[in-house]
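In: any chance you can model this:
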Amino acid sequence: MYKKFNLFLVLVLGLAANLAAQEATLSTKTAPTANYPKQMWEIGVHGGHAIVLGDVSPRPGFGFGFHVRRALDYPLSLRLDAVFNRTYGLEQRNTGGAAGPSATISPINSVSMYNFGATGAAYHANYRNTYLATSLQLLYSLNNWNYKKSLSKYNVYVYMGAGFNAFNVKTNALNGSALYNWPTATTAQKDLKALMDKTYETSVDLYSPHDTKVSVGSDDIRTFQFHGQGGVGFSFKVTPKFNIGIDHNVTLVFGNNGDMLDGYRLKSPGGQGVAAPETQYRDLLHYTSVRFNFNIGKSSNRTEPLYWVSPMDILNDDVAELKARPKFDPTDSDADGVIDMFDQEKESPAGAAVDTRGITLDSDKDGFPDYKDKEIYSPPGYKIDNAGIAQVPKPNYVSEPDVIKIVDTKIASIKCDPCSCLDEWFFPIVHFDYDKSFIKKAEFDKLQNVATVMQTCDNRKIVVTGYTDGANSARGNAIACKRASETIDYMMKKYGFSRDRFILNYSEAQLVNTKAKEYVNRRVEFRTAKPTDVDMDCGGINVKGTKNYSGNKDAGY
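Out: Got it, this is the predicted structure:
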């Protein structure tokens, strides 16, 4: 039976390897680039039944673990799996004197519990195996090549894998502190189990070249051995993000401990000086589990794992796109320069400008196509009339007639006669060169303005006040008086005013600028006379050089 099962395992592993090789061959003949969509990850938990098929009849065991799975492409995926198994065995046949490992019972001073030799004491082999393993598995999906549906409802796969493990084997050899009185004949498991307590107290010595241990409860587990795996599985989709599966795998442990999962090596009887040969068959760990699998990721931007998706989707989409493409037809029914295949307005008016889509242009987006629009670029935000012209309100600008009207209104609002309000008028200021009292031609227009006012208001007197820069007090008063006097003389000669229309004043103290020799301080100012104003006496001082020009009269030097 064991030979047949091992042959079946070899066939399964060979089939998986062959399919993987075919996939590798096919992948080299596909498109130069494979644009796979973003996909979700799968995580899962599992639990189920575990047994060891070896030299000792198995009893039901259990196992549990978890895994993470990621698709490499549509049929291939990788799965990282971790598992804990607890397996049991109890042999119905009497194995005393025929087989057994080297196992020592500490309380009995290293006396072999198997009693090898002529005594042939009865013994029924039994064990408890505690097994930890991590495996990396390559899975191949068998049914996602679906020509009709893009997503499968179920997933069938085969896989092979490898990893490392650690395990401990104990046997129930003692009934308290004494050996069991085993029956010598073949006995049913249930009857043997009734004789035994529940304590597996004796550790079976395993080959451990590195002599490394890890502790799990009271068990010292030897580590590490490598192993190979093969398996099959079936998953049924409940929702796009959850599926339930059934999985079965067979594990083959490599190394000297490959036949020690059940703690027992079968030996055939020796004799005549020939040692009893050990069997060459390795024990096989079978694990059948129910798996609860969850797809992790946002459905909005990721697909289900690719082993749920048919790779024919890409071909189907490409074929559908090719079928949907229209045949090239250069006809342009409305002669607008855009062929009917791309023309979104196939009856554009003759001569009307169109855009690249063949739609009549409306440059200002006012609802009037350009060929009807009297104002192609109307300003946005205004109502449009029937001719496409924006109804823009007239700007509120002030026109020349408006200015004239405002001035007339202001003048009319003046409540006094100009001559009566002469005190509020501003008269121009006449300026002089340094240390000079003659009037430059550049100042004549200012004096004409003063004369115009005096001619208009012939009953008003004007105070003429001369100023200097105060460089010398006595001389300053004299030149200030002289400037006022020269100005009065000019006005009398030029415009014919009598002397009594003027009141002469002078001063050197009222500096416009603190820098005494500044141009603005050498001046003559005008204002309307008050009843208290009188002429000032210059004191008979004559300032030399004030009558004669020195240089260019027009330029003032």
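In: my guess is residue 42 meets residue 292, correct?
Out: No. Using Cβ atoms under 8 Å, residue 42 is not in contact with residue 292, being 10.8 Å away. The way it works is simple: take the backbone N, C-alpha and C, and place the C-beta from them, glycine included.
In: quick one, helices of the chain?
Out: Shown for the chain, the helices assigned by DSSP state H span residues 2-27, 189-195, 312-324, 400-412, 444-456, 473-495.
In: would you put the C-alpha positions of the fourth one in CSV?
Out: Presented in CSV, the C-alpha positions along helix 400-412 are these (Å, rounded to 0.1, in the frame of the first residue of the first chain):
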residue,chain,number,x,y,z
GLU,A,400,-16.6,117.9,-21.5
PRO,A,401,-20.1,119.3,-21.3
ASP,A,402,-20.4,117.7,-17.9
VAL,A,403,-17.3,119.5,-16.8
ILE,A,404,-18.5,122.8,-18.1
LYS,A,405,-21.8,122.4,-16.4
ILE,A,406,-20.0,121.5,-13.1
VAL,A,407,-17.8,124.6,-13.3
ASP,A,408,-20.8,126.9,-14.1
THR,A,409,-22.7,125.5,-11.2
LYS,A,410,-19.8,126.1,-8.9
ILE,A,411,-19.3,129.6,-10.1
ALA,A,412,-23.0,130.3,-9.7
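In: re earlier: of the helices of the chain, which is nearest residue 418?
Out: helix 444-456 (7.2 Å; Cβ to Cβ).
In: and the nearest residue to residue 379 once chain neighbours are set aside, how far from residue 374?
Out: If the residues on either side of it in the chain are set aside, residue 379 comes closest to residue 390, at 5.3 Å by Cβ to Cβ, 6 or more residues apart in numbering. Noted for residue 390: a distance of 10 Å to residue 374, by Cβ to Cβ, to the nearest Å.
In: name the residue in these two with the higher neighbour count.
Out: With neighbours defined as other Cβ atoms under 10 Å, residue 390 and residue 374 compare such that residue 390 has more, 16 against 11.
In: that one reaches residue 378, doesn't it?
Out: Yes. Counting by Cβ under 8 Å, residue 390 touches residue 378, with 3.9 Å between them.
In: overlap of the contact sets of those two?
Out: Counting by Cβ atoms under 8 Å, 6 or more residues apart in numbering, the contacts common to residue 390 and residue 378 are 366, 384.
In: what are the pairing partners of the longest strand seen in the chain, and which direction each?
Out: Across the chain, the longest stretch assigned as strand under DSSP state E is strand 219-239. Strand 219-239 pairs in its sheet with strand 154-171 (antiparallel), strand 212-216 (antiparallel), strand 242-253 (antiparallel), by DSSP bridges.
In: pLDDT below threshold where in the stretch 151-300 of the chain?
Out: 151, 206-223, 266-280 (pLDDT under 70).
In: mind redoing it with 90?
Out: Along the stretch 151-300 of the chain, segments meeting pLDDT under 90 span 151-154, 168-225, 255-282, 299-300.
In: how about the helices of the chain in TSV, adding mean neighbour count?
Out: Shown next, in TSV, are the helices of the chain (neighbours: other Cβ atoms under 10 Å):
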stretch	mean neighbour count
helix 2-27	13
helix 189-195	13
helix 312-324	11
helix 400-412	9
helix 444-456	15
helix 473-495	20
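In: want to throw the ones you listed into a markdown table with distance to residue 58?
Out: A markdown table is the format used below for these (distance: least, Cβ to Cβ, whole Å):
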| stretch | distance to residue 58 |
| --- | --- |
| helix 2-27 | 12 |
| helix 189-195 | 10 |
| helix 312-324 | 44 |
| helix 400-412 | 114 |
| helix 444-456 | 132 |
| helix 473-495 | 137 |
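In: what's the closest of these to residue 256?
Out: Residue 256 sits nearest to helix 2-27 of all the helices of the chain, at 18.7 Å, using Cβ to Cβ.
In: what about the residue nearest to residue 432 when sequence neighbours are not counted, how many neighbours?
Out: Of all residues not flanking residue 432 in the chain, residue 522 sits nearest, at 4.5 Å (Cβ to Cβ, 6+ apart). Neighbour count of residue 522, defined by other Cβ under 10 Å: 24.
In: name the stretch among the strands paired with strand 219-239 that sits most buried.
Out: A comparison of the strands paired with strand 219-239 by mean neighbour count, using mean count of other Cβ atoms under 10 Å, puts strand 154-171 on top with a mean of 21.
In: output that strand as PDB, restricted to C-alpha atoms.
Out: Only the C-alpha atoms of strand 154-171 are listed here, as PDB (Å, rounded to 0.1, in the frame of the first residue of the first chain):
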ATOM      1  CA  TYR A 154     -14.200  28.300  -7.800                       C
ATOM      2  CA  ASN A 155     -10.500  27.700  -8.100                       C
ATOM      3  CA  VAL A 156      -8.800  24.300  -8.400                       C
ATOM      4  CA  TYR A 157      -5.100  24.100  -8.000                       C
ATOM      5  CA  VAL A 158      -2.100  21.800  -7.500                       C
ATOM      6  CA  TYR A 159       1.100  22.800  -5.900                       C
ATOM      7  CA  MET A 160       4.500  21.700  -4.800                       C
ATOM      8  CA  GLY A 161       6.800  23.300  -2.200                       C
ATOM      9  CA  ALA A 162       9.700  23.000   0.100                       C
ATOM     10  CA  GLY A 163      10.600  24.300   3.600                       C
ATOM     11  CA  PHE A 164      12.100  23.400   6.900                       C
ATOM     12  CA  ASN A 165      10.600  21.800  10.000                       C
ATOM     13  CA  ALA A 166      11.300  20.700  13.500                       C
ATOM     14  CA  PHE A 167       9.600  17.900  15.400                       C
ATOM     15  CA  ASN A 168       9.600  15.800  18.500                       C
ATOM     16  CA  VAL A 169       8.400  12.200  19.000                       C
ATOM     17  CA  LYS A 170       7.400  10.700  22.300                       C
ATOM     18  CA  THR A 171       6.100   7.200  23.200                       C
END
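In: going forward can the numbers begin at 53, since that is how I track them
Out: Got it, first residue is 53 now, which makes that one strand 206-223.
In: surely residue 292 and residue 347 touch.
Out: Yes. Residue 292 lies in contact with residue 347 (Cβ under 8 Å); the separation is 7.0 Å.
In: so how many other residues sit close to the residue nearest to residue 399 when sequence neighbours are not counted?
Out: The shortest distance from residue 399 to any non-neighbouring residue, by Cβ to Cβ, 6+ apart, is to residue 386 (5.5 Å). Neighbourhood size, residue 386 [other Cβ under 10 Å]: 18.
In: ditto for residue 423
Out: By other Cβ under 10 Å, 16 other residues sit near residue 423.
In: and for stretch 340-355, what's in contact with it?
Out: So stretch 340-355 is in contact with 89-102, 115-117, 119, 121, 285, 287, 292-300, 356-357, 361, going by Cβ under 8 Å, 6+ apart.
In: actually stretch 544-555, not the one I typed
Out: The set of residues external to stretch 544-555 that reach it, using Cβ under 8 Å, 6+ apart, is 499, 503, 506-507, 513-516, 540, 543, 581, 585-587.
In: repeat that with 6 Å
Out: Stretch 544-555 is contacted from outside by 503, 513, 514, 515, 516, 540, 543, 581, 585, 587, using Cβ atoms under 6 Å, 6 or more residues apart in numbering.
In: report the buried members of the residues you listed.
Out: 503, 513, 514, 515, 516, 540, 543, 581, 585 (16 or more other Cβ atoms under 10 Å).
In: possible to save the residues you listed as JSON lines with distance to residue 142 and pLDDT?
Out: As requested, the buried ones among the contacts of stretch 544-555 are exported to JSON lines (distance: Cβ to Cβ, whole Å; pLDDT from 0 to 100):
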{"residue": "503", "distance to residue 142": "145", "pLDDT": "93"}
{"residue": "513", "distance to residue 142": "148", "pLDDT": "91"}
{"residue": "514", "distance to residue 142": "144", "pLDDT": "93"}
{"residue": "515", "distance to residue 142": "143", "pLDDT": "94"}
{"residue": "516", "distance to residue 142": "145", "pLDDT": "94"}
{"residue": "540", "distance to residue 142": "149", "pLDDT": "94"}
{"residue": "543", "distance to residue 142": "148", "pLDDT": "94"}
{"residue": "581", "distance to residue 142": "146", "pLDDT": "90"}
{"residue": "585", "distance to residue 142": "146", "pLDDT": "90"}
